[in-house]
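Asks: Requesting a structural model of the entry that follows:
(one chain, ligands or ions: 1)
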Amino acid sequence: MDILVTGGAGFLGSYICQRLLELGHKVTAIDMASGEKIEHLMSDRKFTFIQDSVCDLSLMEHQMKNKEVLFHLAAIADPLKYVTNPLNVMEVDLLAAINTFKLAAENRTKIAFSSTSEVFGRNPDIPWKETDDRVLGATSVNRWCYSSSKAACEHFLFALHKQEKLPFIIYRFFNVYGPKLDDLGHGRVIPIFLKQFLHQEEVTVHGDGKQTRTFIYVDDAVDAVVRLAFCKKAENEVFNIGTDDECNMHQLAKTIKKVGGFKSKIKFVDYQQVFGKGFEDIPRRIPDTSKVSKFIKWKAKVSLEEGLRRTIDYYKKKKGL
Ligand code: UDP
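Replies: Next up, the predicted model:
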């Protein structure tokens, strides 16, 4: 198949491109980022990389032609940006996404959309099934702009399907991690902790560290993503992609310390100090993954300790340690 992957040079995108190429597909990746994470794919004749923005409508119009599937992953997904640059979050995650979906509809291209567990907000009834409520704060709180942008995209896909019969699939990811996640020290909690441990700095657990997440290793997530994308039965459905292995942030820091044999001290820092006023964290985030298990007989295989070991090894090697 001829496939377009937006955000194809990003963390998840790079793994998805690789898997699609292994399956014999022709893949075009569009991304603002450099091609560092997809360097190893560049020599593949079936792979094309375009370093550009999904906000460029004429580029997208041209690239969507004759594509059978669109994996739309291009997005700003860094919690700090939700509060420091909400305009940019909405321009990319909402406006550019909707424009891309319209082009896909014109071309009758199936859409595989990367949504997020953030759409559930802070619904206290854990674990969340795909049909559960969204519980969010006021629109004056910038922190929710990411969740709302992704949810509006989901609405748009349901509407496109209802009114124009365009097939789609939606993935709601629950904290995917692994080698190449982010530059050390940036973005999400695991690369931030890892940089601190590797540099023997104090490790910054936000708040009291009792907030929980579940973490899914990238190979497990990509396996589900690609299998679902080509599963007819899964068309026009939403899927939680995650594990039920709940871990609080203090435990996470301690586990990384143990697995990596690190020495850093773990400290607690106030949310306000990091995010400024108006940030609200999600206290617990756990998916119900019975739907994906049922549809494709899938279950995450890599434990948190094993996944962390592989991730730590990757970053140690990268740093020549
Ligand atoms: N976190 C932390 N210390 C850090 C970075 C993040 O304790 O230096 C916490 C953050 O407050 C949140 C959790 O780790 O409770 C997961 O944060 P991340 O940014 O990875 O993404 P989220 O799951 O919140 O979207």
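
Asks: For Lys257, identify the helix or strand it belongs to.
Replies: helix 249-260 (DSSP states H and E).

Asks: Contacts for that helix next, please.
Replies: In this structure, residues lying in contact with helix 249-260 by CB atoms under 8 Å, 6 or more residues apart in numbering are 189-190, 193-194, 197, 203, 205-213, 215, 247, 262, 264, 266, 304-305, 308-309, 312, 316. To be clear about C-beta, it is placed using only N, CA and C from the backbone, and glycine gets the same treatment.

Asks: So it, near the ligand or not?
Replies: Yes. Residues of helix 249-260 contacting the ligand under CB under 6 Å from any ligand atom: Met249.

Asks: Then stretch 127-145?
Replies: No. Using CB under 6 Å from any ligand atom, stretch 127-145 never reaches the ligand; the gap is at least 10.0 Å.

Asks: Report the mean confidence score over that stretch.
Replies: Here stretch 127-145 scores 96 as its mean pLDDT.

Asks: next one: stretch 211-231
Replies: 98.

Asks: Which positions in that stretch come out as buried?
Replies: Within stretch 211-231, the residues that qualify as buried are 211-230, counting by 16 or more other CB atoms under 10 Å.

Asks: Keep only these that also lie close to the ligand.
Replies: Answer for the buried residues of stretch 211-231 near the ligand (CB under 6 Å from any ligand atom): Gln211, Arg213.

Asks: what about the residue of the stretch 1-150 of the chain found nearest the ligand, neighbour count?
Replies: Nearest to the ligand, among the residues of the stretch 1-150 of the chain, is Pro79, at 4.4 Å (CB to the nearest ligand atom). Number of residues near Pro79 (other CB atoms under 10 Å) recorded here: 18.

Asks: Repeat that for Asp208.
Replies: For Asp208, using other CB under 10 Å, the count is 10.

Asks: Now for it: which residues touch it?
Replies: Counting by CB under 8 Å, 6+ apart, Asp208 has contacts His250, Phe268.

Asks: Which of the helices or strands spans it?
Replies: Counting by DSSP H and E, Asp208 is found in no helix or strand.

Asks: start at 36 instead
Replies: Sounds good: first residue 36 from here, last item Asp243.

Asks: so how far is the ligand from it?
Replies: 10 Å (CB to the nearest ligand atom, to the nearest Å).

Asks: For that residue, grab phi and psi.
Replies: For Asp243, the backbone dihedrals are phi -90, psi 0 (criterion: degrees, to the nearest 10).

Asks: sorry, back to before: buried ones in the helix holding Lys292, by neighbour count?
Replies: Applying 16+ other CB under 10 Å to helix 284-295 flags Met284, His285, Leu287, Ala288, Lys289, Ile291, Lys292, Val294, Gly295 as buried.

Asks: Equivalent analysis for stretch 163-177, please.
Replies: Trp163, Glu165, Asp167, Arg169, Leu171, Val176, Asn177.

Asks: Go ahead and confirm the fourth one touches Val154.
Replies: Put plainly, it is Arg169. Yes. Arg169 is in contact with Val154 according to CB atoms under 8 Å; the separation is 5.8 Å.

Asks: Overlap in contacts, these two.
Replies: With CB under 8 Å, 6+ apart, Arg169 and Val154 have common neighbours Ser182, Ala186.

Asks: Other residues contacting stretch 344-356?
Replies: By CB under 8 Å, 6+ apart, stretch 344-356 touches 212-216, 219, 225-226, 229, 233, 252, 291, 294-295, 337.

Asks: Just the ones of those residues in helices?
Replies: The members of the contacts of stretch 344-356 that map onto helices under DSSP state H are Ile225, Pro226, Leu229, Leu233, Ile291, Val294, Gly295.

Asks: contacting residues around the first one?
Replies: Spelled out, that is Ile225. Ile225 neighbours (CB under 8 Å, 6+ apart): Tyr212, Leu216, Phe250, Leu287, Ile291, Leu343, Thr346.

Asks: could you redo the last one with a cut-off of 7 Å?
Replies: Tyr212, Leu216, Thr346 (CB atoms under 7 Å, 6 or more residues apart in numbering).

Asks: now the second one
Replies: With contact taken as CB under 7 Å, 6+ apart, Pro226 is in contact with Leu216, Asp217, Asp218, Leu219, Gly220.

Asks: Quick check: Phe46 touching Pro214?
Replies: No. Assessed by CB atoms under 7 Å, Phe46 is found out of contact with Pro214, at 9.1 Å.

Asks: State the pair within the ones in helices among the contacts of stretch 344-356 that is farthest apart.
Replies: Pro226 and Val294 (14.9 Å; CB to CB).

Asks: Buried ones among the contacts of Pro226?
Replies: Leu216, Asp217, Leu219.

Asks: first to last residue in stretch 236-255, what's the distance?
Replies: Using CA to CA, to the nearest Å, the span of stretch 236-255 from its first residue to its last is 31 Å.

Asks: That should have said stretch 73-89, apologies.
Replies: OK, stretch 73-89 end separation, CA to CA: 18 Å.

Asks: Now find how far off-centre that stretch is within its chain.
Replies: Mean-position distance between stretch 73-89 and its chain equals 20 Å (CA atoms, centre = their mean, to the nearest Å).
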